[in-house]
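**Q** Any chance you can model this:
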Amino acid sequence: MTRVITVGAAQLGPIARSDTRKQVVERLVAHLREARRMGCDLVVFPELALTTFFPRWFMTDQAEIDSFFEREMPGPATRSLFDEAKRLGLGFYLGYAELTPDGRHFNTAILVGKDGAIIGKYRKVHLPGHADHEPWRRFQHLEKRYFDISDTGFKVWHGFGGILGMAICNDRRWPETYRVMGLQGAEMILLGYNTPVHNAPAPEHDDLSLFHNQLSMQAGAYQNGCWVIGVAKAGNEEGVPMIGGSQIIAPSGVTVAATRGDGDELAVAACDLDACASYKTTTFNFAVHRMPQHYGLITSRKGAEPPP
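**A** Numbering: from 1, shown residues only. Here you go, the predicted structure:
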């Protein structure tokens, strides 16, 4: 008996700063209904799916900053999303800004089962950007200012008949992200992102944004024998063009479904988890082929140092 999860990569177009949670949740619910019509089991939404990408602005009023964060999940604004998903028999991955009872701020994602219960929570490890005001930039990228570094690390969970992991945006660029979950048997990694086309410190990368996005996720899928579901918030959001490129990538590294535009769009694929085995038991049979005794620098050293 095969283990197939039909997944909907639920890309979102721009969210305005003035959009309410209610307006955004209505768009998410519309995705759920279309996903049900297309036979999905699991819907993957982007990073920070409930608001505009607020780290692009330098803010000093903590109340203003906190207005972008969720204090509970589900809360009053998101309860209808959970209720509709449960009614439809769909699970989902949702990225959002989380404010904890003890005042910590995280860039967070949750995995929710078909019964509406939260299966797992992940908090973003690789926070990009900067912490101080840098007015020379066309727009800011202040994740290091507004978010605390993860206290969860990379975990995996049993769900939907398989072993699933989560990551967020910049995590996709780091091979350690996939390998740590691969070493726990991950068969599918869910990953939402908000990525501007323009990279202020390295504008020569701008034309390569979509290529780098696909390259890193395809490599992570192939090198760990797992499915990778990458989902964008895309389009021109508050004057900042964001990449799309949402896609479903097989353990072979091949993209099997993808969005075509920069708006609200659903890409769907039937993902056979048993397809992971031919990679996990051959080329990437970790128990047979890995040589961790030679990888010590990966955890003992943070920055690159040339030999003496």
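**Q** so how far is Arg173 from Glu305?
**A** Applying Cβ to Cβ, to the nearest Å, the value for Glu305 to Arg173 is 21 Å. For the C-beta atoms, the positions are set from N, CA and C on the backbone; glycine is no exception.
**Q** Which positions in stretch 133-147 come out as buried?
**A** 137, 139-143, 145-147 (16 or more other Cβ atoms under 10 Å).
**Q** neighbour-wise, which of Glu305 and Arg173 wins?
**A** Arg173 (16 against 8; other Cβ atoms under 10 Å).
**Q** Glu187: neighbour count?
**A** By other Cβ under 10 Å, neighbour count at Glu187 equals 28.
**Q** Next up, the contacts around Ala270.
**A** Residues in contact with Ala270 (Cβ atoms under 8 Å, 6 or more residues apart in numbering) are 4-6.
**Q** and it, helix, strand or coil?
**A** Put simply, Ala270 is strand when judged by DSSP: H, G, I helix; E, B strand; the rest coil.
**Q** cool, Thr283 as well?
**A** coil.
**Q** ok, now how distant is it from Gln223?
**A** Distance from Thr283 to Gln223, by Cβ to Cβ: 9 Å.
**Q** Look at those two and report which has more neighbours.
**A** Gln223 (17 against 11).
**Q** How about the contacts made by the more buried one?
**A** With Cβ under 8 Å, 6+ apart, Gln223 has these contacts: 175, 178-179, 182, 284.
**Q** for those, which one is nearest Ala234?
**A** Distance to Ala234 across those (Cβ to Cβ) is lowest for Tyr178, with 22.8 Å.
**Q** Which element, helix or strand, includes the closest one?
**A** Assigned by DSSP states H and E, Tyr178 belongs to helix 175-182.
**Q** which residues of the stretch 151-300 of the chain fall in strands?
**A** Per DSSP state E, counting those that start in this stretch, the stretch 151-300 of the chain carries strands over the ranges 156-159, 162-168, 188-193, 227-232, 235-237, 240-242, 247-249, 255-258, 265-272.
**Q** Which strands border the fifth one, and is each parallel or antiparallel?
**A** With DSSP bridges as the test, strand 235-237 is paired with strand 240-242 (antiparallel).
**Q** What are the buried residues along the partner strand?
**A** Buried-residue list, strand 240-242, by 16+ other Cβ under 10 Å: 240, 242.
**Q** So for it, mean pLDDT?
**A** Averaged over strand 240-242, pLDDT sits at 98.
**Q** and for that strand, what are the contacting residues?
**A** So strand 240-242 is contacted by 14, 53, 56, 138-139, 194-198, 232-236, 262 (Cβ under 8 Å, 6+ apart).
**Q** Could you pull up the residues touching the closest residue to Ile15 other than its chain neighbours?
**A** Spatial nearest neighbour of Ile15, excluding adjacent residues (Cβ to Cβ, 6 or more residues apart in numbering): Thr52 at 4.7 Å. Going by Cβ under 8 Å, 6+ apart, Thr52 touches 14-17, 19, 237-238.
**Q** For ChimeraX, what selects the buried ones among the residues you listed?
**A** To isolate the buried ones among those in ChimeraX, judged by 16+ other Cβ under 10 Å, type:
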select :14,15,237,238
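**Q** Return the member of the contacts of Thr52 nearest to Ile298.
**A** Glu237 (35.3 Å).
**Q** If the closest one is in a bridge, with which residues?
**A** Applying DSSP bridges, one finds that Glu237 bridges with Val240.
**Q** In this structure it contacts Phe53, no?
**A** Yes: applying Cβ atoms under 8 Å, one finds Glu237 in contact with Phe53, separated by 6.3 Å.
**Q** Need the overlap of contacts for these two.
**A** Ile15.
**Q** Ala257 contacts Ala269, correct?
**A** Yes: using Cβ under 8 Å, Ala257 is in contact with Ala269, at 3.9 Å.
**Q** okay, and the common contacts of the two?
**A** Ile248.
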